[in-house]
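Student: This is a predicted model, with the sequence first.
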Amino acid sequence: MSVPILICEGDGIGPEIMRLTLRVLEAAKAPLSYKFVELGEKVYNRGISSGIPEDFWDLIKKHKVLLKGPVATPLGAGFKSVNVTIRKGLGLFANVRPCVSYHPFVKTSYPGIDCVIIRENEEDLYAGIEYQQSSEVFHAIKIISKPGTERIIRYAFEYAKANNRQKITCLTKNNILKLTDGYFYQRFLEVAKEYPDIQTEHLIIDIGAGKLATQPQNFDVVVTLNLYGDIVSDIIAEVSGSVGLAASANIGEVASMFEAIHGTAPDIAGQGIANPSGLILASVLMLQHLGLVEHAELIYNAWAATIEAGIHTRDIAISKSVSSQEFTDAVISNLGNQPKTLKKASFKAKLDLNKALAKNYQFEEKNFEGVDVFIEFRGPVEQLAEKLILSQQNFSLKLISNRGLLIWPQKTSDIDPVDQFRCRFVGKNQDDVPNLLTSLQRLGVQILKVEYLFSFNGRRAYSLAQGE
């Protein structure tokens, strides 16, 4: 019985590499049936700014799996990335990118790479919540949640366990972002205790990215937050030989999406020279996810045997190159063959998502401690402080900072401030906040934003000012 899946051909080179990939799947007798959907450019051109038709959501929830070609996002205001919208709309919490070097058949300075980047896929700065709050200051909100953190970290450990991986490296910037990245790191340490057979390490993202670029062969599984994961997965895909060979899986509880990581490459569309490898390898990840392990191994081994034979498209060719069609024909003719030098495929069935989705964190008691009021102001900070002290209303003004730096009551820098100030008021009663804000407005203070300050189980849950 065939498994129904959705197919999106995509834009640019998408339609041609999708047709070639489907030829490989059909030649391998993968038991699949297809329903085609449109996403991206053609949908934008019909006036739908999301790039996603309304019936897509019902279709994907019914079919559970989407194999997607590269989709373009038009430049300009009002357009959102189709990829990001689908990931968030379907709760595709885990982005999985295997990165392998195919030395000596594909040029690379780093033979021996066999690493998987597992990236949180819904939160972080990719929540896309931004504001301009004054004439000089812009804000982007970084969102890290307990459920999102729990899911991605548990998924990484379950993935390592199911695929006989030995080590997981966690990448954060917890030395600076002590609450958001700090929580991610602490939860990583706690979950790791449940998997004593898996080695763990933690690196700050800057040194971690450097080591991935210069010592990628030393990494096995990497788990990290959304923005960092997007950056380092492209770094290691590039140093492994070519971004054009890399595939990714986007895993969720309701549905999953599989795609090549490269773009639409409109400059070579229709020329018959595009490399279908990324999408072919994405289909291999899809087959693994569906539990069609034998078909996944068959296609991967045929693809690896083709690479070993020196049959390469132009983007990775060391000497002579072949067309997209010729490359695909070679993969099909190699079905049943195995690579002799490259590692042959030996896949596991899909991991148990129920374990990855288990919630094992504690809810905490919350206590109100005050409020940060972001204010637009131009002039000496002492003038602003005098005005704020007049309006305290059961609160006391504790500090004023500018771009995170303490500038009142003590001045820690002579650098001219920008026109947005964070003013911290401490108090005991959350119900008094409206009166404070009303008092500020009566004094002509321009309020831009308000953030409540809490402690959880007695732990301060807001950042100090630099210099405090």
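Tutor: Sure thing, it's come through.

Student: ok, the residue most central in space within the chain - contacts?
Tutor: The centre of the chain sits closest to residue 226, judged by C-alpha atoms, centre = their mean, with a distance of 3.4 Å. Contact partners of residue 226, counting by C-beta atoms under 8 Å, 6 or more residues apart in numbering, are 119-126. No exception for glycine: its C-beta is placed from N, CA and C like everyone else's.

Student: Of the residues you listed, grab the buried ones for PyMOL.
Tutor: Restricted to buried positions by 16 or more other C-beta atoms under 10 Å, the PyMOL selection for these reads:
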select buried, resi 119+120+121+122+123+124+126
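
Student: Let me know the closest of the contacts of residue 226 to residue 241.
Tutor: residue 119 (20.3 Å; C-beta to C-beta).

Student: Could you give the number of residues near the residue lying closest to the closest one once chain neighbours are set aside?
Tutor: Among residues not flanking residue 119 along the chain, residue 229 sits closest, at 2.5 Å (C-beta to C-beta, 6 or more residues apart in numbering). The tally of other residues near residue 229 (other C-beta atoms under 10 Å) stands at 25.

Student: now the one 4 residues further on
Tutor: Applying other C-beta under 10 Å, we find 27 other residues in the vicinity of residue 233.

Student: separation between it and residue 333?
Tutor: Per C-beta to C-beta, to the nearest Å, residue 233 is found 32 Å from residue 333.

Student: can I get the CA coordinates of stretch 395-410 in PDB?
Tutor: Only the C-alpha atoms of stretch 395-410 are listed here, as PDB (Å, rounded to 0.1, in the frame of the first residue of the first chain):
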ATOM      1  CA  PHE A 395       7.500  52.600  43.300                       C
ATOM      2  CA  SER A 396      11.000  53.800  43.700                       C
ATOM      3  CA  LEU A 397      13.300  54.600  40.700                       C
ATOM      4  CA  LYS A 398      16.300  52.200  41.000                       C
ATOM      5  CA  LEU A 399      18.300  52.900  37.800                       C
ATOM      6  CA  ILE A 400      18.300  54.300  34.300                       C
ATOM      7  CA  SER A 401      20.300  52.500  31.600                       C
ATOM      8  CA  ASN A 402      20.900  53.200  27.900                       C
ATOM      9  CA  ARG A 403      21.500  50.300  25.500                       C
ATOM     10  CA  GLY A 404      21.900  48.200  28.600                       C
ATOM     11  CA  LEU A 405      24.600  50.400  30.200                       C
ATOM     12  CA  LEU A 406      24.000  51.900  33.600                       C
ATOM     13  CA  ILE A 407      24.000  55.700  33.400                       C
ATOM     14  CA  TRP A 408      22.100  56.700  36.600                       C
ATOM     15  CA  PRO A 409      22.400  57.000  39.700                       C
ATOM     16  CA  GLN A 410      26.100  56.500  38.900                       C
END
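
Student: quick one: the helices in this protein?
Tutor: With helices called from DSSP state H, the chain shows them at 14-27, 41-44, 56-63, 82-89, 146-162, 180-192, 205-214, 226-240, 277-289, 293-308, 324-333, 353-356, 381-389, 433-442.

Student: Might you list the low-confidence residue ranges for this protein?
Tutor: For the chain, the stretches flagged by pLDDT under 70 are 75-79, 349-350.

Student: what residues go with each domain of it?
Tutor: The chain breaks down by automatic domain parsing into domains covering 1-93+242-346, 109-240, 366-460.

Student: I'd like these laid out as JSON lines, including distance to residue 356.
Tutor: Below are the domains of the chain laid out as JSON lines (distance: least, C-beta to C-beta, whole Å):
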{"stretch": "domain 1-93+242-346", "distance to residue 356": "8"}
{"stretch": "domain 109-240", "distance to residue 356": "4"}
{"stretch": "domain 366-460", "distance to residue 356": "25"}
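
Student: Ok, which of those domains comes nearest residue 358?
Tutor: Nearest to residue 358 among these is domain 109-240; the distance by C-beta to C-beta comes to 6.4 Å.

Student: Residue 158 contacts residue 354, doesn't it?
Tutor: No - between residue 158 and residue 354 there is no contact under C-beta atoms under 8 Å: 9.5 Å.

Student: ok, these two, which is more surrounded?
Tutor: residue 158 (20 against 9).

Student: measure that one to residue 2 for me?
Tutor: Residue 158 sits 28 Å away from residue 2, going by C-beta to C-beta.

Student: cool, residue 64 as well?
Tutor: From residue 64 to residue 2 the distance is 13 Å (C-beta to C-beta).

Student: more neighbours, those two?
Tutor: residue 64 (17 against 9).

Student: OK, contacts around the more buried one?
Tutor: 5, 254-256 are the contacts of residue 64 under C-beta under 8 Å, 6+ apart.

Student: just the strands in the stretch 1-150 of the chain please.
Tutor: 3-8, 32-36, 65-68, 94-100, 114-120, 130-132, 138-140 (DSSP state E, counting those that start in this stretch).

Student: Any idea which of these gets closest to residue 199?
Tutor: Closest of those to residue 199 is strand 114-120, at 14.2 Å (criterion: C-beta to C-beta).

Student: Who are the packing partners of the closest one?
Tutor: strand 94-100, helix 146-162, strand 221-224, helix 226-240 (3 or more C-beta pairs under 8 Å, 6 or more residues apart in numbering; DSSP states H and E).
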